[in-house]
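Student: the amino acid sequence is not available; the structure is as follows:
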């Protein structure tokens, strides 16, 4: 193997610690012939791959490469894999595969040519493995990773461990943090600075803005074959959303403000959702797993809301954004016709500690989710507890 690739892998492994694992670590099928780990920028996909290599490299011959490494400007991925296999290679990990041209076709060739090789790759969450001439969907398992839960934030940044609670555990008042008496100060900090693992590296707001810029100006335009001017319009659309969330999009007026045809806006919204910039709350018309009618648009997470919204950030929006962002990972969340959210037939009204029961008083399974309270009772549940589900 080329020494530059080996040196690059070793340098990355030296920077990797294994004291904390993301929630997806035990869910990924590491032994699969081929799997993909996708998700928004900055949520820790590369770190998780490197952790696995560091902890298991004594078991088999592994290689980690980055698809944008200078080496691939003069070498192909498939030739590199061929050489690795001839050298006794058993498992290869390709980071940021979306930065490699013709990635889909070459991955298919690798899969078909090396039946004994295990392949893992990471990519942007807008990556569509069914797009293009080579359909990988029958060959590849895809795992999607989101940002830190409140539970993970406590473990990573404050060494406070808590078990994972199901939504039923939370509704039955079983969720608790044994080692701290007052979770609200930490919760408020999480809402502003806790969703991305790089929050402890300093210059968090600047780093998060870089994530936004790279996603909006590079990832989405590259994926959707947009020109530079269209990419700028996409970023303008995000700014409009940031000032308005949560809102029900009126395509005609948005199209006028952005200067595009209303017919392309649903695609733009979908790209932004898949890239981890916004969340679209749908109704049940498309079925639980389908794409129903969009009822509300949120920014993807509360950290984005604070960075993009600044002083205009509305606390009511923050509360709803947090609830939707956390609950979508383990449950199917749809809009409620009478309140804010519905999950498995249960209705949730989200608000502050003075929120009343009025909107859900005639609902069989209705819950009031309150911010600014430490403990709950009957059908009143603290908002922070919904951050303990993964």
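Tutor: Sure thing, it's come through. Because the structure is a prediction, the values reported are computed rather than measured.
Student: mind naming the longest helix for the protein?
Tutor: helix 228-244 (DSSP state H).
Student: wait, residue 385 touches residue 376, no?
Tutor: Yes. Residue 385 sits in contact with residue 376 when judged by C-beta atoms under 8 Å, with a separation of 7.5 Å. (Each C-beta comes from the backbone N, C-alpha and C, glycine too.)
Student: now stretch 86-104: average pLDDT?
Tutor: For stretch 86-104, the mean pLDDT works out to 94.
Student: from start to finish, how long is that stretch in a straight line?
Tutor: 22 Å (C-alpha to C-alpha, to the nearest Å).
Student: okay, buried residues for the helix or strand of the chain with the lowest mean pLDDT please.
Tutor: Least confident helix or strand, the chain: helix 220-224 with a mean of 86, by mean pLDDT, DSSP states H and E. Across helix 220-224, burial judged by 16 or more other C-beta atoms under 10 Å covers 220, 221, 223, 224.
Student: same thing with stretch 275-285?
Tutor: Residues 275, 276, 277, 278, 279, 280, 281, 282 are the ones in stretch 275-285 that count as buried (16+ other C-beta under 10 Å).
Student: give me every residue that touches the third one.
Tutor: Read that as residue 277. By C-beta atoms under 8 Å, 6 or more residues apart in numbering, the contact list for residue 277 reads 40, 212, 215, 216, 238, 299, 300, 304.
Student: so for the longest helix of the chain, mean pLDDT?
Tutor: Rounded mean pLDDT across helix 228-244 is 88.
Student: what number of residues lie near the nearest residue to residue 243 once chain neighbours are set aside?
Tutor: In space, and not counting its chain neighbours, residue 243 is closest to residue 312: 6.6 Å by C-beta to C-beta, 6 or more residues apart in numbering. Burial of residue 312 is recorded as 10 neighbouring residues (other C-beta atoms under 10 Å).
Student: of the buried residues of helix 220-224, closest to residue 126?
Tutor: Proximity of the buried residues of helix 220-224 to residue 126 (C-beta to C-beta) peaks at residue 223, which lies at 4.9 Å.
Student: ok, the closest residue to that closest one other than its chain neighbours - contacts?
Tutor: Distances taken as C-beta to C-beta, 6+ apart place residue 126 nearest to residue 223, at 4.9 Å, with adjacent residues excluded. Shown in contact with residue 126 (C-beta under 8 Å, 6+ apart): 98, 219, 220, 223, 271, 274, 275.
Student: pLDDT at residue 126, what is it?
Tutor: If you check residue 126, the pLDDT there is 80.
Student: for the closest residue to residue 353 other than its chain neighbours, give its distance to residue 320.
Tutor: Leaving aside its sequence neighbours, residue 353 sits nearest to residue 372 (C-beta to C-beta, 6+ apart; 4.3 Å). Distance of residue 372 to residue 320, given as C-beta to C-beta, to the nearest Å: 15 Å.
Student: re earlier: could I get the buried residues of stretch 275-285 as CSV with pLDDT and distance to residue 206?
Tutor: What follows is the buried residues of stretch 275-285, written out as CSV (pLDDT from 0 to 100; distance: C-beta to C-beta, whole Å):
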residue, pLDDT, distance to residue 206
275, 94, 20
276, 96, 18
277, 97, 17
278, 96, 21
279, 96, 24
280, 95, 28
281, 96, 30
282, 95, 33
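Student: and those as a markdown table, adding secondary structure and distance to residue 360?
Tutor: Below are the buried residues of stretch 275-285 laid out as a markdown table (DSSP: H, G, I helix; E, B strand; the rest coil; distance: C-beta to C-beta, whole Å):
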| residue | secondary structure | distance to residue 360 |
| --- | --- | --- |
| 275 | coil | 34 |
| 276 | coil | 31 |
| 277 | coil | 31 |
| 278 | strand | 27 |
| 279 | strand | 22 |
| 280 | strand | 23 |
| 281 | strand | 17 |
| 282 | strand | 21 |
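Student: pick the one among those closest to residue 245.
Tutor: Nearest member of the buried residues of stretch 275-285 to residue 245, counting by C-beta to C-beta, is residue 278, at 8.1 Å.
Student: partner residues bridging that closest one?
Tutor: When bridges are called by DSSP bridges, residue 278 pairs up with residue 299.
Student: what separation do you get for it and residue 244?
Tutor: For residue 278 relative to residue 244 (C-beta to C-beta), the value is 11 Å.
Student: cool, and residue 66?
Tutor: For residue 66 relative to residue 244 (C-beta to C-beta), the value is 37 Å.
Student: and if you look at residue 215?
Tutor: Distance from residue 215 to residue 244, by C-beta to C-beta: 19 Å.
Student: out of the two, which sits in the busier spot?
Tutor: residue 215 (25 against 15).
Student: give the contact list for that one.
Tutor: Contacts of residue 215 by C-beta under 8 Å, 6+ apart are 40, 41, 124, 275, 276, 277.
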